[in-house]
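In: got a predicted model here, sequence first, then my questions.
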Amino acid sequence: MKHMIIPSDTRDLTVQSRIDDRGDIVRLVLVAPGGADLPEVTAGAHIDVRIPVGDALVWRSYSLAGDPGDRSAWHLGILNEAEGRGGSRTLVQTAQGGAVLATDGPRNHFALVRGARRSVLIGGGVGITPLLSMGYELAGQGADWSLHYCTRGPDRAAFGDVLGAAPFAGRTHLHHDGTDSAFDPSMLPAPEAGTHLYICGPEGFMDWVIAAVRAQGHAAANIHQEYFSAVVE
């Protein structure tokens, strides 16, 4: 994600578990030493992870995908991108169970708007990660919300176990390119003052969705986005 990283709240966390999921997405569960509670977070937050790349140490930002109300662990979804800049590729190679990661944060540049009448979450590929945390938070508020998850095909759709369980079951619409389920922005709710759209994913996908919803009449103030880099990290 495109954030300036200024480390200020660092902590070492342990990889409790790892799932190599569909879509080349590696899911990590991070916990604090001794099982201590992690800091409070809000939906849409991310943390930064310090990663050794060659002789350098780099910071990469990753959205939190778990329930913000659960302070026992933080959940990440990381794209194993062969053409990436090296940080995420190195992380997925080394982050096995028991590994210790230096982290910083959390921070939130993609927070939900309080009091929205309706929230529509639209994710492409690994851009689903911050929207999962939003789904948990919106469900806990009893809000009106839905999630649209767009991938190139069913074999690229990660987090199937999460999306098939509460609170996502019945709220999630899966869209796969080249099929009858392919995402069409015209299927989104009509523009209204209380309807807010949250969009995350690769830049080309996001630019297309944002242009479409603006053309439909959704106000710029009601369109919220979290950009990943052109090569998703």
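Out: Cool, the structure landed. Residues are numbered from 1 along each chain as shown.
In: the protein - how does it break down into domains?
Out: According to automatic domain parsing, the chain comprises the domains 10-107, 118-227.
In: got a markdown table for these, with mean neighbour count and mean pLDDT too?
Out: Any C-beta I mention is one placed from the backbone N, CA and C, and that applies to glycine too. Formatted as a markdown table, the domains of the chain follow (neighbours: other Cβ atoms under 10 Å; pLDDT from 0 to 100):
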| stretch | mean neighbour count | mean pLDDT |
| --- | --- | --- |
| domain 10-107 | 18 | 94 |
| domain 118-227 | 18 | 97 |
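In: wait, residue 16 touches residue 33, no?
Out: No: with contact defined as Cβ atoms under 8 Å, residue 16 does not reach residue 33; the gap is 11.1 Å.
In: where exactly do the strands run in the chain?
Out: Assigned by DSSP state E, the chain shows strands spanning 10-20, 25-31, 46-53, 56-63, 74-79, 100-107, 118-124, 145-151, 172-176, 195-201, 223-227.
In: now residue 194: closest residue in space that isn't a chain neighbour?
Out: residue 117 (2.9 Å; Cβ to Cβ, 6 or more residues apart in numbering).
In: who are the contact partners of that neighbour?
Out: Neighbouring residues of residue 117 by Cβ atoms under 8 Å, 6 or more residues apart in numbering: 144, 192, 193, 194, 195.
In: what about it, distance to residue 125?
Out: Distance, residue 117 to residue 125, by Cβ to Cβ, to the nearest Å: 28 Å.
In: ditto for residue 195
Out: From residue 195 to residue 125 the distance is 24 Å (Cβ to Cβ).
In: and if you look at residue 116?
Out: Here residue 116 is placed at a distance of 25 Å from residue 125 (Cβ to Cβ).
In: got it, and residue 32?
Out: Remark: distance between residue 32 and residue 125 (Cβ to Cβ) = 29 Å.
In: equivalent analysis for residue 63, please.
Out: Per Cβ to Cβ, residue 63 is found 12 Å from residue 125.
In: need the overlap of contacts for these two.
Out: Counting by Cβ under 8 Å, 6+ apart, nothing touches both residue 63 and residue 125.
In: so can I have TSV of the strands of the chain showing distance to residue 166?
Out: As requested, the strands of the chain are exported to TSV (distance: least, Cβ to Cβ, whole Å):
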stretch	distance to residue 166
strand 10-20	19
strand 25-31	19
strand 46-53	24
strand 56-63	21
strand 74-79	16
strand 100-107	24
strand 118-124	16
strand 145-151	13
strand 172-176	11
strand 195-201	20
strand 223-227	24
